[in-house]
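A.B. asks: attaching a predicted model along with its sequence, questions to come.
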Amino acid sequence: ASLNFANSGTVNVTANANAAAVPFLTATGTATGTGTGTATAPGMTPTAPASGSAHALAIGYVGNGTVPVGGVNVASVTNSGTINVNASAAAPVTAVASAQGIVLNAPTTSVTTTPTGATAPVTTVTGGALLANVTNSGNINVVAKAAGLGTTATTATNTTAGGATTTVVTTHPHSSAFATGIRLNAGALATTVTTTTANGATNATVTNSTITNSGTINVQAVTNGGPANAYGIRVVNNGDTASGGGPLIINNSGDIIAQFSTDGGTTFHRATAIDVTEAPSPTVVNLLGGNITGDINLQSNADAINVTTGETFFNGVINAGCFDAAAIAAGGDNPTASSCGVGTLTIGDGADAGGNLHMTIDPVDGPSYAFVNTFTVNSDGTLTLDLPAATGGTAAPGTYPQIFADTANLGGTLVANISSPNGLFDTTTYDNVI
């Protein structure tokens, strides 16, 4: 049976978990008495125990496939309305909040064997196939907020054999928040049907899973100290090995905003807008306009980002694991950064489809960056860079957007959107923007 969900109205899902340590009275001092039978009772002091934990989980829609591994689970999810998901946890010590907008799960199967020569059994998990079509033209708002004890630390002093001492400080975060807009969990995300013609030739038809967003996906994870992870779209292989197959297609012409805060919501940082680092197959991300706040993280050189049609405002890092603030700030050529990224980033298609990637500067996290294996600007493509005003004629590396690639093919148009406080411009150098 297929999974089907369509929302054109409003779905509100809220989970609140609150743990309170109940105060009790503790006697202070001692009782005194006289031989005449009078006595003075000890003082009583209210004491609040430092204990208690709270866990909150909220999901807007979860679809669990029932077709066993070897078959295909088909899912169709459409949201043209509003889905609001909020999970809030508060506790004296440990608080954990998890919120997800739309989740699709393919079933798994486990096989335990003991390989020849091995002394312990090995369990292999295989994820099932999921053929999903997820479309959002409305609003998906997801917030996970956890407020626990905050981050504490313990200090241990160790004495070596030679008599010297070392100090080890270990931090203990007591709050964690996890928020995701759309998540797919499967071992394969495409199906292939092979047919044979009358003359004996074979034709293979591949059907791909797609996630299409023309609306808004707004995701926030908030703690008062401790990990806070937010994902706009996340795809995960729920098996041990990838089955390969056709690619997942992600189309975005709307807004994806993923943010996190570890100071209770006072300051927000870029989180992850699209994460396919654990996907079971390659991914094609088509950016067709709109706004993206958050990183885009790819898995391999088989992944591709194509910018066409409209102007995409990008506030984030492509392949954020390659970002090294100190190395970028040092300036000059950076072969390590240029060879770090995976996948391809292509602006325009060379056939008048257009496309403009507009890389912005975040007031908290700074410039946007891209680290890819191959970067191409076709003749119909445009790269727009927001560039800050420079002091002394040369902008400091680390203050403006840059693209690092092992191979760059440059055509099309470069737009330098230079900031000027007074409307006047001096000769300014921005080194190694690509």
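C.D. replies: Yep, that arrived.

A.B. asks: now the helices for the stretch 301-434 of the chain?
C.D. replies: Using DSSP state H, counting those that start in this stretch, the helices found in the stretch 301-434 of the chain span residues 325-329, 335-338.

A.B. asks: so which of those helices is nearest V415?
C.D. replies: Taking CB to CB, helix 325-329 is the member of those nearest to V415, at 21.8 Å. (Each C-beta comes from the backbone N, C-alpha and C, glycine too.)

A.B. asks: what helices or strands is the closest one leaning on?
C.D. replies: Judged by 3 or more CB pairs under 8 Å, 6 or more residues apart in numbering; DSSP states H and E, helix 325-329 is in contact with helix 335-338.

A.B. asks: circling back: so which of the helices of the stretch 301-434 of the chain is the most surrounded?
C.D. replies: Among the helices of the stretch 301-434 of the chain, helix 335-338 has the highest mean neighbour count (mean count of other CB atoms under 10 Å), at a mean of 15.

A.B. asks: ok now that one, how far from the chain's centre?
C.D. replies: Relative to the centre of its chain, helix 335-338 is centred 24 Å away, using CA atoms, centre = their mean, to the nearest Å.

A.B. asks: now do that helix: which elements does it pack against?
C.D. replies: Looks like helix 335-338 contacts helix 325-329, strand 402-410 (3+ CB pairs under 8 Å, 6+ apart).

A.B. asks: taking the mean pLDDT, what do you get for that helix?
C.D. replies: The average pLDDT for helix 335-338 rounds to 94.

A.B. asks: turn the helices of the stretch 301-434 of the chain into a markdown table, including distance to T119.
C.D. replies: Formatted as a markdown table, the helices of the stretch 301-434 of the chain follow (distance: least, CB to CB, whole Å):
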| stretch | distance to T119 |
| --- | --- |
| helix 325-329 | 44 |
| helix 335-338 | 41 |
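
A.B. asks: of all the ones you listed, which one is nearest L131?
C.D. replies: Nearest to L131 among the helices of the stretch 301-434 of the chain is helix 335-338; the distance by CB to CB comes to 37.4 Å.

A.B. asks: just to revisit the earlier point, same list (the helices and strands packed on helix 335-338) but as TSV, adding mean pLDDT.
C.D. replies: Below are the helices and strands packed on helix 335-338 laid out as TSV (pLDDT from 0 to 100):
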stretch	mean pLDDT
helix 325-329	95
strand 402-410	96
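
A.B. asks: distance to T312 added to those, as TSV?
C.D. replies: Compiled in TSV, these are given as follows (distance: least, CB to CB, whole Å):
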stretch	distance to T312
helix 325-329	23
strand 402-410	14
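
A.B. asks: these: which one's closest to D240?
C.D. replies: Nearest of those (CB to CB): strand 402-410, 30.1 Å.

A.B. asks: where does the stretch 1-150 of the chain dip in pLDDT?
C.D. replies: Applying pLDDT under 70 to the stretch 1-150 of the chain flags the ranges 1, 21-51.

A.B. asks: the strands in it, which residues?
C.D. replies: Along the stretch 1-150 of the chain, the stretches classed as strands by DSSP state E, counting those that start in this stretch are 3-7, 10-18, 24-28, 32-33, 39-40, 43-47, 53-64, 72-79, 82-90, 94-105, 108-113, 122-127, 129-136, 139-147.

A.B. asks: among those, which is nearest V284?
C.D. replies: strand 129-136 (14.8 Å).

A.B. asks: what does that closest one contact?
C.D. replies: For strand 129-136, the surrounding residues in contact (CB atoms under 8 Å, 6 or more residues apart in numbering) are 65, 69, 71-79, 102, 104-106, 182, 184-191, 207, 209-215, 217, 243, 254.

A.B. asks: that strand vs strand 82-90, what angle?
C.D. replies: Using axes from the mean of the first three to the mean of the last three CA atoms, to 10 degrees, the inter-axis angle of strand 129-136 relative to strand 82-90 is 100 degrees.

A.B. asks: what is the orientation angle of strand 129-136 with strand 3-7?
C.D. replies: Using the same axes, to 10 degrees: strand 129-136 against strand 3-7 is 10 degrees.

A.B. asks: buried stuff in strand 129-136?
C.D. replies: For strand 129-136, a neighbour-count test (16 or more other CB atoms under 10 Å) marks 129-136 as buried.

A.B. asks: swap in stretch 404-417?
C.D. replies: 404-406, 412.

A.B. asks: returning to that earlier point: got the buried residues of strand 129-136 as JSON lines, with distance to V317 columns?
C.D. replies: Listed next are the buried residues of strand 129-136 as JSON lines, based on distance: CB to CB, whole Å:
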{"residue": "A129", "distance to V317": "32"}
{"residue": "L130", "distance to V317": "28"}
{"residue": "L131", "distance to V317": "31"}
{"residue": "A132", "distance to V317": "27"}
{"residue": "N133", "distance to V317": "29"}
{"residue": "V134", "distance to V317": "25"}
{"residue": "T135", "distance to V317": "27"}
{"residue": "N136", "distance to V317": "24"}
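
A.B. asks: widest-spaced pair of the residues you listed?
C.D. replies: A129 and N136 (22.7 Å).

A.B. asks: closest to T123 out of the helices and strands packed on helix 335-338?
C.D. replies: Taking the helices and strands packed on helix 335-338 one by one with CB to CB, strand 402-410 is closest: 38.2 Å.

A.B. asks: not counting its own residues, what contacts that closest one?
C.D. replies: 322, 328, 334, 337-341, 345, 359, 367, 369-377, 383, 432-434.

A.B. asks: residues touching T223, list them.
C.D. replies: T223 sits next to 95, 145-148, 173, 175-177, 261-262, 264 when contact means CB under 8 Å, 6+ apart.

A.B. asks: repeat that for N139.
C.D. replies: Contacts of N139 by CB under 8 Å, 6+ apart are 81-83, 215-216, 218.

A.B. asks: hey, what's the residue lying closest to A337 once chain neighbours are set aside bridged with?
C.D. replies: Leaving out its chain neighbours, the residue that sits closest to A337 by CB to CB, 6 or more residues apart in numbering is F404, at 4.3 Å. F404 has these beta-bridge partners by DSSP bridges: F371.
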